[in-house]
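Peer 1: below are the sequence and a predicted model for it; my questions follow.
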Amino acid sequence: MIGRINHIAIAVPDLAAASTRYRDLLGARVGEPQALPEHGVIVVFVDTGNAKVELMAPLGEDSPIAGFLEKNPAGGMHHMCFEVRDIATATQRLVAGGARVLGDGRPRTGAHGLPVIFLHPKDFDGVLIELEEIGEG
(Lines give C-alpha, C1' and ligand atoms only; values in the text may rest on other atoms or scores of the structure.)
Protein backbone atom coordinates (compact mmCIF):
# COMPACT_ATOMS: atom_id res chain seq x y z
CA MET A 1 0.00 0.00 0.00
CA ILE A 2 2.67 2.56 0.91
CA GLY A 3 5.06 3.86 -1.68
CA ARG A 4 8.36 5.57 -1.26
CA ILE A 5 9.30 7.80 1.64
CA ASN A 6 8.30 11.32 0.65
CA HIS A 7 9.96 13.03 3.61
CA ILE A 8 11.18 12.74 7.15
CA ALA A 9 10.12 15.67 9.30
CA ILE A 10 12.38 17.13 11.96
CA ALA A 11 11.04 19.59 14.51
CA VAL A 12 13.58 22.35 15.12
CA PRO A 13 13.68 25.22 17.61
CA ASP A 14 15.29 27.63 15.11
CA LEU A 15 14.29 27.14 11.48
CA ALA A 16 16.79 29.63 10.05
CA ALA A 17 19.71 28.06 11.91
CA ALA A 18 18.68 24.53 10.91
CA SER A 19 18.28 25.58 7.27
CA THR A 20 21.74 27.14 7.30
CA ARG A 21 23.30 23.97 8.75
CA TYR A 22 21.72 21.75 6.10
CA ARG A 23 22.72 24.14 3.29
CA ASP A 24 26.22 25.16 4.43
CA LEU A 25 27.47 22.10 6.30
CA LEU A 26 25.74 19.32 4.38
CA GLY A 27 25.66 21.05 1.00
CA ALA A 28 21.94 20.37 0.58
CA ARG A 29 19.44 22.21 -1.62
CA VAL A 30 17.24 24.06 0.87
CA GLY A 31 13.90 25.58 -0.13
CA GLU A 32 12.25 28.75 1.10
CA PRO A 33 10.25 28.85 4.34
CA GLN A 34 6.58 28.07 3.84
CA ALA A 35 3.99 28.99 6.47
CA LEU A 36 1.21 26.44 6.94
CA PRO A 37 -1.21 28.15 9.33
CA GLU A 38 -3.79 25.34 9.05
CA HIS A 39 -1.15 22.98 10.49
CA GLY A 40 0.41 25.49 12.90
CA VAL A 41 3.91 25.16 11.45
CA ILE A 42 6.41 26.85 9.20
CA VAL A 43 8.45 24.44 7.11
CA VAL A 44 11.49 24.30 4.87
CA PHE A 45 12.09 21.34 2.59
CA VAL A 46 15.60 20.01 2.04
CA ASP A 47 15.90 18.10 -1.23
CA THR A 48 18.19 15.09 -0.95
CA GLY A 49 17.50 13.77 -4.44
CA ASN A 50 15.70 10.57 -3.40
CA ALA A 51 13.48 12.03 -0.64
CA LYS A 52 13.08 15.22 1.31
CA VAL A 53 13.78 16.33 4.85
CA GLU A 54 11.14 18.67 6.24
CA LEU A 55 12.47 21.07 8.84
CA MET A 56 9.54 22.40 10.83
CA ALA A 57 9.11 25.00 13.55
CA PRO A 58 6.04 26.18 15.44
CA LEU A 59 3.87 28.85 13.89
CA GLY A 60 2.11 30.51 16.78
CA GLU A 61 1.64 29.49 20.40
CA ASP A 62 -1.00 26.86 19.60
CA SER A 63 1.26 24.92 17.24
CA PRO A 64 0.90 21.15 17.58
CA ILE A 65 4.69 20.79 17.64
CA ALA A 66 5.20 23.25 20.51
CA GLY A 67 4.66 20.44 23.01
CA PHE A 68 7.11 18.22 21.12
CA LEU A 69 9.79 20.92 21.37
CA GLU A 70 9.05 21.43 25.08
CA LYS A 71 9.87 17.75 25.62
CA ASN A 72 12.75 17.84 23.11
CA PRO A 73 14.25 21.36 23.28
CA ALA A 74 17.01 20.55 20.79
CA GLY A 75 14.45 19.20 18.30
CA GLY A 76 14.25 15.76 16.76
CA MET A 77 12.45 13.51 14.34
CA HIS A 78 8.73 14.33 14.36
CA HIS A 79 7.22 12.07 11.68
CA MET A 80 7.77 10.07 8.51
CA CYS A 81 5.69 10.62 5.38
CA PHE A 82 4.95 7.83 2.92
CA GLU A 83 3.32 8.25 -0.46
CA VAL A 84 0.08 6.44 -1.29
CA ARG A 85 -1.83 6.31 -4.56
CA ASP A 86 -5.34 6.59 -3.05
CA ILE A 87 -5.65 8.10 0.41
CA ALA A 88 -9.33 7.20 0.83
CA THR A 89 -8.68 3.52 0.14
CA ALA A 90 -5.57 3.55 2.34
CA THR A 91 -7.52 5.18 5.19
CA GLN A 92 -10.34 2.62 4.95
CA ARG A 93 -7.87 -0.25 4.98
CA LEU A 94 -5.97 1.17 7.95
CA VAL A 95 -9.08 1.85 10.02
CA ALA A 96 -10.42 -1.63 9.23
CA GLY A 97 -7.11 -3.01 10.51
CA GLY A 98 -7.37 -1.09 13.77
CA ALA A 99 -5.13 1.91 13.05
CA ARG A 100 -6.24 5.29 14.35
CA VAL A 101 -6.32 8.30 12.04
CA LEU A 102 -5.68 11.54 13.91
CA GLY A 103 -8.07 14.48 13.78
CA ASP A 104 -11.50 13.94 12.27
CA GLY A 105 -10.22 11.17 10.00
CA ARG A 106 -10.61 13.21 6.83
CA PRO A 107 -7.63 14.22 4.69
CA ARG A 108 -6.34 17.76 4.93
CA THR A 109 -4.23 19.63 2.43
CA GLY A 110 -0.54 19.22 3.19
CA ALA A 111 2.54 21.28 2.41
CA HIS A 112 2.69 20.02 -1.18
CA GLY A 113 -0.95 20.92 -1.84
CA LEU A 114 -1.94 17.24 -1.73
CA PRO A 115 -4.26 15.34 0.64
CA VAL A 116 -2.61 14.01 3.81
CA ILE A 117 -3.61 12.10 6.94
CA PHE A 118 -1.69 11.31 10.10
CA LEU A 119 -1.71 7.98 11.92
CA HIS A 120 -1.43 7.62 15.69
CA PRO A 121 2.15 6.90 16.75
CA LYS A 122 1.04 4.30 19.30
CA ASP A 123 -0.17 2.17 16.39
CA PHE A 124 3.22 2.35 14.60
CA ASP A 125 5.90 1.64 17.18
CA GLY A 126 6.01 5.19 18.53
CA VAL A 127 6.39 6.88 15.13
CA LEU A 128 3.88 9.42 13.83
CA ILE A 129 3.13 8.45 10.23
CA GLU A 130 1.88 10.83 7.56
CA LEU A 131 0.40 9.51 4.33
CA GLU A 132 0.34 11.77 1.29
CA GLU A 133 -1.74 11.00 -1.77
CA ILE A 134 0.28 11.23 -4.96
CA GLY A 135 -2.35 9.82 -7.30
CA GLU A 136 -1.64 7.48 -10.17
CA GLY A 137 1.62 9.15 -11.30
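Peer 2: Arrived safely, thanks for sending. Numbers count the residues shown, from 1 in each chain.

Peer 1: so residue 48 is in contact with residue 26, correct?
Peer 2: No: counting by Cβ atoms under 8 Å, residue 48 does not reach residue 26; the two are 9.1 Å apart. Bear in mind the C-beta positions are built from the backbone N, C-alpha and C, glycine included.

Peer 1: residue 7 versus residue 96, what's the distance?
Peer 2: Per Cβ to Cβ, to the nearest Å, residue 96 is found 27 Å from residue 7.

Peer 1: what stretches of the chain score poorly on pLDDT?
Peer 2: Along the chain, segments meeting pLDDT under 70 span 136-137.

Peer 1: can you check which helix is longest in it?
Peer 2: Counting residues, the longest helix in the chain under DSSP state H turns out to be helix 87-96.

Peer 1: show me what secondary structure element comes after it.
Peer 2: strand 108-109 (DSSP states H and E).

Peer 1: output the contacting helices and strands for that following strand.
Peer 2: strand 115-119 (3 or more Cβ pairs under 8 Å, 6 or more residues apart in numbering; DSSP states H and E).

Peer 1: and the angle from the strand it packs on to helix 87-96?
Peer 2: 10 degrees (axes from the mean of the first three to the mean of the last three Cα atoms, to 10 degrees).

Peer 1: just to be sure, residue 44 is in a strand?
Peer 2: Yes: per DSSP: H, G, I helix; E, B strand; the rest coil, residue 44 lies within a strand segment.

Peer 1: just use 14 as the starting number from now, easier for me
Peer 2: Done: numbering now begins at 14, and the last item shifts to residue 57.

Peer 1: could I get the buried residue list for the longest helix of the chain?
Peer 2: 100, 103, 104, 107 (16 or more other Cβ atoms under 10 Å).

Peer 1: let me know the closest of those to residue 32.
Peer 2: Closest approach between the buried residues of helix 100-109 and residue 32, by Cβ to Cβ: residue 100, at 29.1 Å.
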